[in-house]
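Engineer: Quick one, fold the following:
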Amino acid sequence: MPTVDGPGVASEGAAPSRRVNARLVAQELLGRFGVLLMLVALVVVFSALSPHFLSQGNITNVLIQSSTNAVIAAGMTFVILSANIDLSVGSVLAMSSVLGTSFIADGGPIPIGIGIMLLGGVVAGGINGFTVSYLGFPAFIVTLATMWLFRGSAYVFTNGQAVTGLPRDFRILATGEVAGIPYIVLLMIAVYAVCYFVLSRTTFGRQVYAVGDNKEAARLSGVNVKRVTAAVFVICGLLAALGGVVLSSRLFSGQPIAGITFELSAIAAVVIGGTSLSGGKGGILGTLVGAIFIATLINGLVILNVTSFWQQLIMGLVVLAAVGIDQYRKRLASGRV
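Structural biologist: Have a look, this model is predicted:
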C-alpha cells in the first residue's frame, strides 16, 4: 500500500496555517496602524498640493481645531466600546456651556462656573446612563430624546440668546500656551492620557471591553453590566461638558446653538479611529488620530478652496470607508476572507 511522504503532509498542513497567519497579520496591521497610515497619506497629499499646509501655524491650527471634537470623542469611545451610542453629546455641550457661562457672566468665580459646566455634563450623562442601563431603554432612542431635551433646555434657559459679558480671564484656556503649545492641546493630551490609562490599565476598562464584546458573558463572569453601562454614559457626559468648556473659551461666550451635529463628528472620529460600532474592539488612541484626521481633512480642503458642500460629501465617503474597513476586519477575524 503506498505511503504518503512525511514532508508532503507537513507542506499540505502548512498552507492553511500560513493563510491564517497572514489574516492575523493583516488584521493586526489594520487595527493598529490603518488610521495612522491614512493620516500620513493625507498629510503627504495636502503638503504636496499646498506649500502652506505644513507650516507651524497651520499644524497648531489643526490641533486646536481638533481639540473640541477629540475631547467629546474620547467619551464617545467609552460608550461605543460598550456597544452603545450617545446622540446627545452636542446638546449636553450646549446646555452645560450656557449654565456655566451664565454663572460666570453674573460675576461668579470662573473655577466654580467651570465646575457647574462639568456637573451639568455628569448629570446629563447620568440621566442617559440610568435610563439605558436600569430602565432598559435602547440607547439610540434615549439619547435621541435627550438630544432634543437638553438642547431645548439650553434654549429655554437663555431664551435663545448667546451668553456674553464674560471676564477676559475666561479666554486663557483658548489663548494661553506653554513652550509654544496651546493650553487646549495640552488639555486634549491630558484627557487621552487619562482615558488610555483607564481603558488599558484598570479593571473598569477591562469591564467596558467585556460588556461591549458580550454582555451576557460579562454578567456571568461577575461584571455589574448595569453599573458599567451607566458609568460610560456619565464619562461621556462629563467629557462632552469639558468640550463645552473648551468651545466656550474659544468663542468667549455660551451658545445654545453650539454643538449641533457634534455627535456625528465624534462618532466619525471613533469609527475612523478603528473602534467597532458593535462594541468590544478598538482603542482610545485610534480615536485621537481619527479626530486629528478629520480636522486635517477639513483644514486641507479649506486651504484648497473646496466648498463646504464637497467637504460634507468627502467626509461621508471617508466615514463609509472606515465602516467598510471595520467590516473587513471582522471578516478577517472570522476567516471569511
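Engineer: Walking through the protein, point out its strands one by one.
Structural biologist: 177-178, 181-182 (DSSP state E).
Engineer: Ranking those strands by mean neighbour count, which comes first?
Structural biologist: Counting by mean count of other CB atoms under 10 Å, strand 181-182 has the highest mean neighbour count of those, with a mean of 16. From N, CA and C alone the C-beta is placed, and that goes for glycine too.
Engineer: gap between that one and the chain center?
Structural biologist: For strand 181-182, the distance from its own C-alpha centre to the chain's C-alpha centre is 21 Å (CA atoms, centre = their mean, to the nearest Å).
Engineer: possible to save the strands of the chain as CSV with distance to Phe137 and mean pLDDT?
Structural biologist: Output for these, formatted as CSV (distance: least, CB to CB, whole Å; pLDDT from 0 to 100):
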stretch, distance to Phe137, mean pLDDT
strand 177-178, 44, 92
strand 181-182, 40, 92
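Engineer: Let me have those in JSON lines, adding distance to Leu149 as columns.
Structural biologist: Shown next, in JSON lines, are these (distance: least, CB to CB, whole Å):
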{"stretch": "strand 177-178", "distance to Leu149": "37"}
{"stretch": "strand 181-182", "distance to Leu149": "34"}
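Engineer: Neighbours of the nearest residue to Phe233 once chain neighbours are set aside, how many?
Structural biologist: Excluding its sequence neighbours, the residue lying closest to Phe233 (CB to CB, 6 or more residues apart in numbering) is Gly129, at 3.3 Å. When neighbours are counted by other CB atoms under 10 Å, Gly129 registers 28.
Engineer: neighbours around the residue nearest to Ser102 when sequence neighbours are not counted, how many?
Structural biologist: Leaving out its chain neighbours, the residue that sits closest to Ser102 by CB to CB, 6+ apart is Val163, at 5.2 Å. Val163: 23 surrounding residues under other CB under 10 Å.
Engineer: Roughly how far does Ala231 sit from Pro109?
Structural biologist: Per CB to CB, to the nearest Å, Ala231 is found 29 Å from Pro109.
Engineer: So which of those two has more stuff around it?
Structural biologist: For Ala231 versus Pro109, the count of surrounding residues by other CB under 10 Å is larger for Ala231: 20 against 11.
Engineer: Thought Phe204 was touching the more buried one, still the case?
Structural biologist: Yes. Using CB atoms under 8 Å, Ala231 makes contact with Phe204 at a distance of 7.2 Å.
Engineer: residues contacting the residue nearest to Phe233?
Structural biologist: If you count contacts by CB atoms under 8 Å, 6 or more residues apart in numbering, Gly129 has them with Thr229, Ala230, Ala231, Val232, Phe233, Val234.
Engineer: For burial, what's the neighbour tally of the first one?
Structural biologist: I take that to be Thr229. Residues near Thr229, counting by other CB under 10 Å: 24.
Engineer: Burial check on the closest residue to it other than its chain neighbours, number of neighbours?
Structural biologist: Excluding its sequence neighbours, the residue lying closest to Thr229 (CB to CB, 6+ apart) is Ser133, at 3.8 Å. Residues lying near Ser133 (other CB under 10 Å) number 23.
Engineer: okay, Ser133: pLDDT?
Structural biologist: With respect to pLDDT, Ser133 scores 96.
Engineer: My read is that Leu186 contacts Val178, right?
Structural biologist: Yes. Contact between Leu186 and Val178 holds when scored by CB under 8 Å: they sit 6.5 Å apart.
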